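Peer 1: I would like the atomic coordinates for the input below:
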Amino acid sequence: MTSSPPRRGLRDRPVDRAANMVAPPPLDDTDDPGRFFTAADVREIVTSGALPQLIDRARASERAARDVRLWFEALASQGERSCPVCGSAVRGRADRLYCSGACRQKAHRASQPQP
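Peer 2: Numbers count the residues shown, from 1 in each chain. Next up, the predicted model:
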């Protein structure tokens, strides 16, 4: 088992800190997440009752990664940013993602799981 890399401090370069915020690349279509767990591991995960919490953590990680990606994209396209919901121009702060509060709310509601 390999040890994890040392945590970087706040005095590291901003590029390094930003790179640490981005999750590792997702598995490609040929990778099977099940290859990381034995059948006994899967049984333990399912029977322990931890599965709902693991699913919630995975969803939160996906949302956080998406938010970071959108922020990076907004910073990269300073002059020609468009709202991901309606396509209108986004003006104002460099980290603003949506053209209006209504579009921000619509995106939030769309990201929530349907009952």
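Peer 1: What mean pLDDT does the lengthiest helix in the chain get?
Peer 2: When the chain is parsed with DSSP state H, its longest helix is helix 51-76. Mean per-residue pLDDT for helix 51-76: 81.
Peer 1: now swap in stretch 103-115 and tell me
Peer 2: Here the average pLDDT along stretch 103-115 is 90.
Peer 1: Could you count how many residues lie near K106?
Peer 2: 15 (other Cβ atoms under 10 Å). Placement of C-beta: from N, CA and C, glycine included.
Peer 1: Can you list phi and psi of it for me?
Peer 2: Backbone torsions for K106, taken as degrees, to the nearest 10, come to phi -60, psi -40.
Peer 1: Could you find the closest non-adjacent residue to it?
Peer 2: For K106, ignoring the flanking residues on the chain, the nearest one in space by Cβ to Cβ, 6 or more residues apart in numbering is V85 at 5.3 Å.
Peer 1: That neighbour looks like it's in a strand, true?
Peer 2: No - if the criterion is DSSP: H, G, I helix; E, B strand; the rest coil, then V85 is coil and not within a strand.
Peer 1: what's the distance between it and Q114?
Peer 2: From V85 over to Q114 the distance is 18 Å, taken as Cβ to Cβ, to the nearest Å.
Peer 1: Neighbour count: these two, which is higher?
Peer 2: V85 (17 against 5).
Peer 1: which residue ranges form the helices in the protein?
Peer 2: With DSSP H as the criterion, the chain has helices at 14-21, 39-48, 51-76, 101-111.
Peer 1: With distance to A89 added, can I get those helices in CSV?
Peer 2: Shown next, in CSV, are the helices of the chain (distance: least, Cβ to Cβ, whole Å):
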stretch, distance to A89
helix 14-21, 25
helix 39-48, 46
helix 51-76, 12
helix 101-111, 12
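Peer 1: among those helices, which is nearest D95?
Peer 2: Smallest distance to D95 across those (Cβ to Cβ): 5.5 Å, for helix 51-76.
Peer 1: how big is the angle separating the closest one from helix 39-48?
Peer 2: Angle, helix 51-76 to helix 39-48, by axes from the mean of the first three to the mean of the last three Cα atoms, to 10 degrees: 100 degrees.
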